[in-house]
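**Q** Please work out how this folds:
(chains A and B)
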Amino acid sequence: MSTAIEYFQFVLAPQMLIGLVLGVAVILVALGLTIIFGLLDVINMSHGEFYALGAFIALALGSIGLPFWLLVILVPLLMLPVGYIVERGLIQRVFHSSERHVTTLLLTFGLGLVMEDAFRLVFGPNPLKPETPIAGAIDVFGVFLPLYRLFLIVGGAVIVALVALVVYRTRLGAMVRAAAFDRDMAASLGVPVQHVYAGAFAFGVALAGLAGVLLAPIYSVFPTMGRDFILMAFTVVIVGGMGSIAGVVVAGLLLTQVQAISSLYISPVWSDPIVFGIMVIMLMVRPQGLFGRLGHG
Amino acid sequence: MLAIENLNTYYGSSHVIQGIDLKADQGAVIGVFGRNGVGKSTLLKTIAGWIKPRAGAIVFNGVRIDGQTADRIARRGIGFVPEDRRIFPGLTVEENLTLGYLQVPRRSSAGNAAALRRIYERFPRLAERRNQNGTTLSGGEQQMLAMARVMIGEPRLLLIDEPSEGLAPMIVADLFAIIGEMKQRGCTILLVEQNVQQALTACDTFIAIERGRIIGTGDASDKDDCARLMHAISF
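**A** This is a model prediction of the structure:
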């Protein structure tokens, strides 16, 4: 019995905790992605670079002395107009073409490449690690847990709850869900759909930026940092149901636990193929994902 | 109030509306009749801004609205109840209704609340089901919700497409009573309806459409005009 407890305490629980922190990180990145996909039907291939942009802005502003906690608020606010301009200036221009899915995908892919190179030019190719805003660690039932990671888990849950509250419990959220389901009908009720689309894109980009600020102290800041998360974030969005907030949370927690536990019991080399294999099976068996799309009931 | 001149609308290469001219005065109810696929719904969608016309002009209260976005057209006081009701799934009855506030840009919160109260007084079934998902209502209730969420914006021009389709006679009678009430308030109405006999009781005048063109007009109270209409559209 004591061996089993020790095994749980020293082997399984720490691994699951690593999975949980990674899960929250992936959820934070995937949240904006799923809102943009659910509402605009746009696969934002530059989402990872917006996540990196948030981290780089935080790094730059942090270097001139702005405190981390101010950056947590300031960076998403700065990202809002960036997202709004990108949507109105770039995505809207190709949004109404018959090849919308391809053109928006290629456009955002290109934008991501440009941004990545711009980060390399301005900040250099090497990883930069901001100071951890909360030092120290606690013992949770015998498991060592850095305090900042605990904050990330709690903070991530609060952010998801707030986003869900806005989307499902406010009139603004009702406008977003209505426009996601039926653009024409929402417009005929006076909903300014073009601004709603741009606003939702900006909101998704701001969430990516927020994720960048919060995750930089753990995963460092470097030009290609967006790539590390974006594949997993896309997988979570596909498995959870494209555009579903609940889907992102469930799939995010589930898949990162699969990743963590499979790397323990099988091999870390196999954890990614297993997770992406789940995505492929999901696409074949239940292409709509675990939950429905945003605005589709 | 509404003046349409030489309107031409296409779906891709298909020329659906072929040079329609139409004038509507304030408070008039105009029936738009014709067989399936002749362009009746397309006409309403073009006025509502869902489809951009390729040629012609739509002038509403002295302002050209063709080419404007559907939300701007809605905020000018043009309400649209489309054929299949288009209730938003996942939104409650009240959320569906309060979206309609946006049709009146400068109305105060108190004004919005009063408008919602009036709607609930007129549609007590919707008041009872205000927290229910809109798509779980019966067909008749959904039609009432579709009408009510446009009425909450107090439109000056109302475009209604096939409101009675698939509904029980009692609900259809109630629907036409609402159309009558809207007319009493000075609202101009363009009514597309397959149930021509019933629709004629609510209309002042009518137009008959065939292959995107107006092939006849008449007075709904004139028996000869109505007989010619029935013959023209060959029901």
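
**Q** pretty sure B:Val32 is in a strand, no?
**A** Yes - assignment of B:Val32 by DSSP: H, G, I helix; E, B strand; the rest coil places it within a strand.

**Q** what does stretch A:75-82 rub up against?
**A** By CB atoms under 8 Å, 6 or more residues apart in numbering or on different chains, the surrounding residues in contact with stretch A:75-82 are A:50, A:53-54, A:57-58, A:61, A:202-203, A:205-210, A:212-213. For glycine as for every other residue, the C-beta is placed from the backbone atoms N, C-alpha and C.

**Q** then that stretch to PDB, C-alphas only?
**A** Coordinates of the C-alpha atoms in stretch A:75-82 are reproduced here as PDB (Å, rounded to 0.1, in the frame of the first residue of the first chain):
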ATOM      1  CA  VAL A  75      -0.400  43.600 -23.000                       C
ATOM      2  CA  PRO A  76      -3.900  42.200 -23.800                       C
ATOM      3  CA  LEU A  77      -5.100  45.800 -24.000                       C
ATOM      4  CA  LEU A  78      -2.300  46.600 -26.500                       C
ATOM      5  CA  MET A  79      -3.000  43.500 -28.500                       C
ATOM      6  CA  LEU A  80      -6.700  44.400 -29.000                       C
ATOM      7  CA  PRO A  81      -6.100  47.200 -31.600                       C
ATOM      8  CA  VAL A  82      -3.500  45.000 -33.200                       C
END
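
**Q** Which pLDDT does the model give A:Leu294?
**A** Looking at A:Leu294, its pLDDT reads 59.

**Q** Would you check that B:Thr205 makes contact with B:Gly27?
**A** No - judged on CB atoms under 8 Å, B:Thr205 makes no contact with B:Gly27 at a distance of 12.0 Å.

**Q** How about the residues of chain A by chain B?
**A** By CB under 8 Å from any CB of the partner chain, the residues of chain A that approach chain B are A:171, A:174-175, A:177-178, A:181-182, A:184-194, A:295-297.

**Q** Let me know the helix or strand that B:Leu22 is in.
**A** strand B:14-24 (DSSP states H and E).

**Q** From the contact counts, what lies against that strand?
**A** Other elements packing on strand B:14-24 under the criterion 3 or more CB pairs under 8 Å, 6 or more residues apart in numbering or on different chains; DSSP states H and E are strand B:2-11, helix B:40-48, strand B:213-219.

**Q** neighbouring strands for that strand, and are they parallel or not?
**A** strand B:2-11 (antiparallel) (DSSP bridges).

**Q** Okay, angle between the partner strand and helix B:40-48 too, please.
**A** Counting by axes from the mean of the first three to the mean of the last three CA atoms, to 10 degrees, strand B:2-11 points 120 degrees away from the direction of helix B:40-48.

**Q** what is the mean pLDDT for strand B:2-11?
**A** Strand B:2-11 comes out at a mean pLDDT of 96.

**Q** Check stretch A:238-257 too.
**A** Average pLDDT, stretch A:238-257: 92.

**Q** Buried residues, it. List them.
**A** A:238-245, A:247-257 (16 or more other CB atoms under 10 Å in any protein chain shown).

**Q** Give me the subset of those residues lying in helices.
**A** A:238-240, A:245, A:247-257 (DSSP state H).

**Q** hmm, back to that, so of the contacts of stretch A:75-82, which ones are in helices?
**A** Using DSSP H, the contacts of stretch A:75-82 in helices are A:50, A:53-54, A:57-58, A:61, A:202-203, A:205-210, A:212-213.

**Q** closest to B:Arg149 among these?
**A** A:Phe203 (25.2 Å; CB to CB).

**Q** Return stretch B:165-174 as PDB; C-alpha atoms alone will do.
**A** Extracted C-alpha coordinates of stretch B:165-174, given in PDB (Å, rounded to 0.1, in the frame of the first residue of the first chain):
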ATOM      1  CA  GLU B 165     -45.800  28.300 -44.100                       C
ATOM      2  CA  GLY B 166     -46.400  25.100 -42.100                       C
ATOM      3  CA  LEU B 167     -48.500  26.800 -39.400                       C
ATOM      4  CA  ALA B 168     -51.900  25.900 -38.000                       C
ATOM      5  CA  PRO B 169     -54.900  28.100 -39.200                       C
ATOM      6  CA  MET B 170     -55.300  29.600 -35.700                       C
ATOM      7  CA  ILE B 171     -51.700  30.700 -35.600                       C
ATOM      8  CA  VAL B 172     -51.900  32.000 -39.100                       C
ATOM      9  CA  ALA B 173     -55.000  34.100 -38.100                       C
ATOM     10  CA  ASP B 174     -53.000  35.500 -35.200                       C
END
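
**Q** just to revisit the earlier point, buried deepest among the helices and strands packed on strand B:14-24, which one?
**A** Of all the helices and strands packed on strand B:14-24, helix B:40-48 has the most neighbours on average by mean count of other CB atoms under 10 Å in any protein chain shown, namely a mean of 24.
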